[in-house]
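Q: next come a sequence and a model predicted from it.
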Amino acid sequence: MSPRYRQDVLHQLAVHGIAPTGDTPPQLVHDFVNDLYRYELRRLRDRLLQKQLAKTDYYAHVVQIRTRYPLLSLKLWQWVE
C-alpha cells in the first residue's frame, strides 16, 4: 500500500521544492528534509565562524530556520493519512 501524504504536509514540502510521489516512502522524505535543515544550520554556523554574522544575531537566525521546518516536529505517522 502506497503512503498517502496529508495535504498540509505536501504543501509544506512544496515550500522546500519537494514533491513526493505515491511511491516515495515517508522516511526517505523525512530524512531529506532533515538533511536540508541540518545543511542550513551548518551554513549558518560557518557564517558565524567566518565573522559574517554577529554572535548576538545567531540565535535569531537559528530560530528563523527552525520555523521553516515545522514538519520535523511531527512524528512520521502524522505525515500520512
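A: It's in.
Q: which helix or strand contains the nearest residue to Glu40 once chain neighbours are set aside?
A: If you skip the residues right next to it in sequence, Glu40 has Ile65 as its closest partner in space, 5.0 Å away by CB to CB, 6 or more residues apart in numbering. Yep, even glycine has a C-beta here, placed from its N, CA and C like the rest. Taking DSSP states H and E as the criterion, the element that holds Ile65 is helix 55-67.
Q: hang on, the residue nearest to Glu40 packs against Tyr39?
A: No. Under the contact definition of CB atoms under 8 Å, Ile65 does not touch Tyr39, with a separation of 10.1 Å.
Q: the two - which one has more neighbours?
A: Neighbours of Ile65 and Tyr39, each counted by other CB atoms under 10 Å, are more numerous for Ile65; the result is 16 against 10.
Q: who's in contact with the helix ranked longest in the chain?
A: Across the chain, the helix with the greatest residue count (assigned by DSSP state H) is helix 26-49. Judged by CB atoms under 8 Å, 6 or more residues apart in numbering, the contacts made with helix 26-49 from elsewhere in the structure are 3, 5, 13, 16, 18, 20, 53, 55, 58, 61-62, 65, 68-69, 71-72, 76, 79-80.
Q: same check, this time on stretch 60-72
A: With contact meaning CB under 8 Å, 6+ apart, stretch 60-72 is reached by 9, 12-13, 15, 30, 33-34, 36-37, 40-41, 44, 53, 79.
Q: where in this protein is pLDDT low?
A: 1 (pLDDT under 70).
Q: for PyMOL, write a command that selects the buried ones of the contacts of stretch 60-72.
A: Of the contacts of stretch 60-72, the buried ones go into a single PyMOL selection, burial set by 16 or more other CB atoms under 10 Å:
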select buried, resi 9+12+13+30+33+36+37+40+44+79
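Q: how about the contacts of stretch 60-72 in a markdown table, adding distance to Thr24?
A: Rendered in a markdown table, the data for these read as follows (distance: CB to CB, whole Å):
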| residue | distance to Thr24 |
| --- | --- |
| Val9 | 12 |
| Gln12 | 15 |
| Leu13 | 10 |
| Val15 | 17 |
| His30 | 11 |
| Val33 | 12 |
| Asn34 | 15 |
| Leu36 | 15 |
| Tyr37 | 18 |
| Glu40 | 22 |
| Leu41 | 24 |
| Leu44 | 28 |
| Leu53 | 35 |
| Trp79 | 11 |
